[in-house]
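Visitor: From the sequence below, what's the structure:
(one chain, ligands or ions: 1)
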Amino acid sequence: MDDRKIQTPKKLRLSRFTHVFEDPEHFFMYHSIFQKKAFLEKSEWESLRESLTNSNGIMMNDTGRKLFDLGFIVTNDEDEKIIREIRKKLDAPIEPRTLFLVNTERCNYDCYYCYQKPKRNSDMGNDLLDKSIISFLRMTRNLNGMKNIFFSGGEPLLNYPSLKRAYSTVNYLMNTGQASDIGLAVATNGALIDENIAKDAHNNRVFFAVSLDGYLPRHNVYRGVGNDIYPEVSSGIDLLRKNDVDYSIMATVHNKNVQDLEKIAEHFITKLGAKSIGFTMLLGNYEIAPSSESFARYVIKAFEKARDYGVQEARLSVQLQAFLEENINLYDCKEYRGEIVITPDGKVGPYIYFLGNKKLFSKRRLDKLDINKIKDFVQFSKATPILEDGCLNCKSLGICGGGNHYNRYLRTGSIYNHDPEFCTYSKMVLDWMIGDLRKSVFKK
Ligand code: SF4
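Guide: Below is the predicted model:
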């Protein structure tokens with residue numbers, strides 16, 4: 001190590017965002033906002049600490065300089081400046097990127113944990129469907145990058161004519177240069193997929209997100225139809241695969257499947273051909289939810305298994321992507337900023353999981369819709385750990401995203417408070433990522 005010293009007129013100290021983890025041989029420094037990482041030998045750490053304490057922070061060697069450049073060491077007011085700048089960015093106008101069209105509220109299943117209760121029999125009419133799509137395309141016209149339209153329900157395939165109409169409307173507008181970069185996706189329970197549906201999906205480049213909680217009858221016990229749904233859903237998935245449709249398989253994690261997540265991941269990949277999978281935390285319904293420790297432990301194992309096959313697991317990838325790309329993750333789901341949900345009766349609201357909450361959904365003129373002028377949309381975009389003073393000292397600040405707004409609301413009464421169960425998950429995932437990184441660095 002070069003002992004060249006640098007001079008600085010200001011007092012230096014460790015940033016409040018620097019978290020130090022010790023193992024028998026190293027000290028690992030992690031910046032919880034910039035997500036920078038540094039492994040220090042014990043002696044390096046001790047000399048750094050001594051120089052910061054004893055020399056009044058005025059003299060530093062080369063290691064200190066590097067750590068200063070990475071943001072681990074700061075002058076007195078720098079941390080506050082970082083926070084101010086990130087918070088200021090959140091005042092920028094919200095970009096609407098995702099439209100959720102609830103094209104039907106009917107469903108062939110009756111999942112215990114469904115967020116849409118009570119069920120109703122309404123379908124979205126063509127007029128509303130067209131107006132919703134045109135309104136979304138108007139709002140996103142000047143946005144670069146992908147914008148997505150999701151069809152959700154109920155079970156969207158129960159109102160299949162509306163999906164076909166939407167596919168052709170969007171394709172027509174894209175082919176005639178009136179829209180660009182629009183992705184189409186269907187969130188389905190998979191039971192109704194037939195050859196035609198799979199072919200249409202392929203021809204129109206529609207992504208399917210199929211929900212299936214595992215491969216054994218007990219894994220799917222909460223789907224509410226009393227029989228084993230696996231045969232019909234797996235047949236639907238086979239048709240997607242045969243017709244070369246992009247799809248993911250998403251499982252909701254509960255007390256009857258949590259211990260099998262690793263095997264479920266392997267099954268989805270090897271038997272059902274999934275190229276992406278995801279494990280979702282329950283929203284409400286806490287009586288059938290595993291503890292957050294078990295959830296985290298088993299999702300991590302499932303993630304590792306999927307990774308062995310080169311497949312992405314969506315739940316943990318949200319945090320891992322932030323950690324590896326050194327980008328702060330402001331929301332657990334990027335749709336919290338700019339998701340628009342439209343129901344079959346023409347009501348507009350900010351987030352699909354709040355469908356049952358009448359206060360957040362109201363009738364709006366779609367031809368004049370501007371979500372930056374609607375208080376609920378703005379408030380949803382402001383519920384993030386970086387705006388919570390109680391989160392600023394947390395080691396998981398940069399990867400967390402704060403969990404699901406719906407669980408925050410149910411557990412604490414406000415979308416602005418952090419969900420303690422998600423905190424447990426978030427912190428366990430960070431510890432795992434650091435351990436994983438350590439293994440890959442020191443095996444060399
Ligand atoms: S929500 Fe919890 S885990 Fe996430 S940053 Fe805040 S305190 Fe940390």
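Visitor: which non-adjacent residue is nearest F136?
Guide: Nearest non-adjacent residue to F136, counting by C-beta to C-beta, 6 or more residues apart in numbering: L99, 4.3 Å away. Placement of C-beta: from N, CA and C, glycine included.
Visitor: Quick one: residues contacting that neighbour.
Guide: By C-beta atoms under 8 Å, 6 or more residues apart in numbering, the residues touching L99 are S132, I133, F136, K147, N148, I149, F150, E339, I340, V341, I342.
Visitor: separation between the spatially most central residue of the chain and the ligand?
Guide: Nearest to the mean C-alpha position of the chain, by C-alpha atoms, centre = their mean, lies C333 at 3.3 Å. Distance of C333 to the ligand, computed by C-beta to the nearest ligand atom, to the nearest Å: 14 Å.
Visitor: close enough to count as contact, that residue and N404?
Guide: Yes - taking C-beta atoms under 8 Å as the definition, C333 is a contact partner of N404 at 7.0 Å.
Visitor: one step back: now the residue nearest to the centre of the chain: phi and psi?
Guide: phi -130, psi 120 (degrees, to the nearest 10).
Visitor: Can you pull the poorly scored residue ranges out of the stretch 101-250 of the chain?
Guide: 118 (pLDDT under 70).
Visitor: Now the residue in the stretch 201-350 of the chain positioned nearest to the ligand. Nearest residue, chain neighbours left out?
Guide: For the stretch 201-350 of the chain and the ligand, the shortest gap (C-beta to the nearest ligand atom) falls at D332, measuring 9.0 Å. The shortest distance from D332 to any non-neighbouring residue, by C-beta to C-beta, 6+ apart, is to G401 (3.5 Å).
Visitor: next one: D244
Guide: Counting by C-beta to C-beta, 6+ apart, the residue nearest D244 is H202, at 5.5 Å.
Visitor: so which strand or helix has that neighbour?
Guide: Under the criterion of DSSP states H and E, H202 resides in helix 195-203.
Visitor: Sheet partners, orientation included, of the following helix or strand past that helix?
Guide: Scanning forward in sequence from helix 195-203 by DSSP H and E, the next helix or strand is strand 206-211. Strand 206-211 has its sheet partners listed here by DSSP bridges as strand 182-188 (parallel), strand 247-252 (parallel).
Visitor: is it true that C423 touches S396?
Guide: Yes - using C-beta under 8 Å, C423 is in contact with S396, at 7.3 Å.
Visitor: and these two? which has more neighbours close in?
Guide: S396 (25 against 18; other C-beta atoms under 10 Å).
Visitor: Now for the closest residue to the more buried one other than its chain neighbours, how many residues are close by?
Guide: Excluding the flanking residues, the one nearest S396 by C-beta to C-beta, 6+ apart is S426, at 4.2 Å. S426 has 28 neighbours, counted by other C-beta under 10 Å.
Visitor: What does the pLDDT read for S426?
Guide: For S426, the pLDDT comes out at 97.
Visitor: Run through the residues that contact it.
Guide: Contacts of S426 by C-beta under 8 Å, 6+ apart are Q319, S396, I399, C400, G403.
Visitor: Only the buried residues of whichever strand or helix holds it, if you could.
Guide: Secondary structure from DSSP H and E places S426 in helix 420-442. Under the neighbour-count criterion of 16 or more other C-beta atoms under 10 Å, helix 420-442 has 421-423, 425-430, 432-434, 436-438 buried.
Visitor: That one near the ligand at all?
Guide: Yes - part of helix 420-442 sits near the ligand under the criterion C-beta under 6 Å from any ligand atom, namely C423, S426, K427.
Visitor: Tally up the residues packed near the residue of the stretch 201-350 of the chain closest to the ligand, please.
Guide: Around D332 there are 26 residues (other C-beta under 10 Å).
Visitor: returning to that earlier point: between the buried residues of helix 420-442, which is closest to Y167?
Guide: Of all the buried residues of helix 420-442, F422 has the smallest distance to Y167: 35.8 Å, by C-beta to C-beta.
Visitor: which residue packs closest to that closest one, ignoring adjacent ones?
Guide: Nearest to F422 is G403, by C-beta to C-beta, 6+ apart, at 2.9 Å.
Visitor: Tell me which stretches of the stretch 201-350 of the chain form helices.
Guide: Assigned by DSSP state H, counting those that start in this stretch, the stretch 201-350 of the chain shows helices spanning 230-242, 261-270, 292-308, 314-325.
Visitor: thinking again about what came up before, what separation is there between the residue nearest to S396 and P420?
Guide: Separation of S426 from P420 (C-beta to C-beta, to the nearest Å): 10 Å.
Visitor: Please apply the same query to Q379.
Guide: Q379 is 21 Å from P420, where distance means C-beta to C-beta.
Visitor: Equivalent analysis for I374, please.
Guide: When I374 is compared with P420 (using C-beta to C-beta), they lie 30 Å apart.
Visitor: which residues in the stretch 251-400 of the chain form strands?
Guide: 276-280, 312-313, 339-342, 347-349, 362-363 (DSSP state E, counting those that start in this stretch).
Visitor: Would you tell me which one of those is buried the most?
Guide: Per residue and on average, the most neighbours among the strands of the stretch 251-400 of the chain fall to strand 339-342, with a mean of 26 (mean count of other C-beta atoms under 10 Å).
Visitor: Could you spell out the sheet neighbours of it, each with its direction?
Guide: Applying DSSP bridges to the sheet, strand 339-342 is found paired with strand 98-102 (parallel), strand 347-349 (antiparallel).
Visitor: Switch those strands over to JSON lines; also include distance to K305.
Guide: Converted to JSON lines, the strands paired with strand 339-342 look like this (distance: least, C-beta to C-beta, whole Å):
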{"stretch": "strand 98-102", "distance to K305": "29"}
{"stretch": "strand 347-349", "distance to K305": "37"}
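Visitor: Hmm, S292 and Y425 touching each other?
Guide: Yes - the pair Y425 / S292 is scored as a contact, 5.0 Å apart, by C-beta under 8 Å.
Visitor: How many residues are close by the closest residue to P217 other than its chain neighbours?
Guide: Among residues not flanking P217 along the chain, D228 sits closest, at 4.4 Å (C-beta to C-beta, 6+ apart). Residues within reach of D228, counting by other C-beta under 10 Å, total 16.
Visitor: now the residue of the stretch 101-250 of the chain found nearest the ligand, nearest residue through space, not along the chain?
Guide: Nearest to the ligand in the stretch 101-250 of the chain, going by C-beta to the nearest ligand atom, is Y115, at a distance of 21.3 Å. Nearest residue to Y115 in three dimensions, chain neighbours excluded: Y353, at 4.9 Å (C-beta to C-beta, 6+ apart).
Visitor: Alright, calling it a day.
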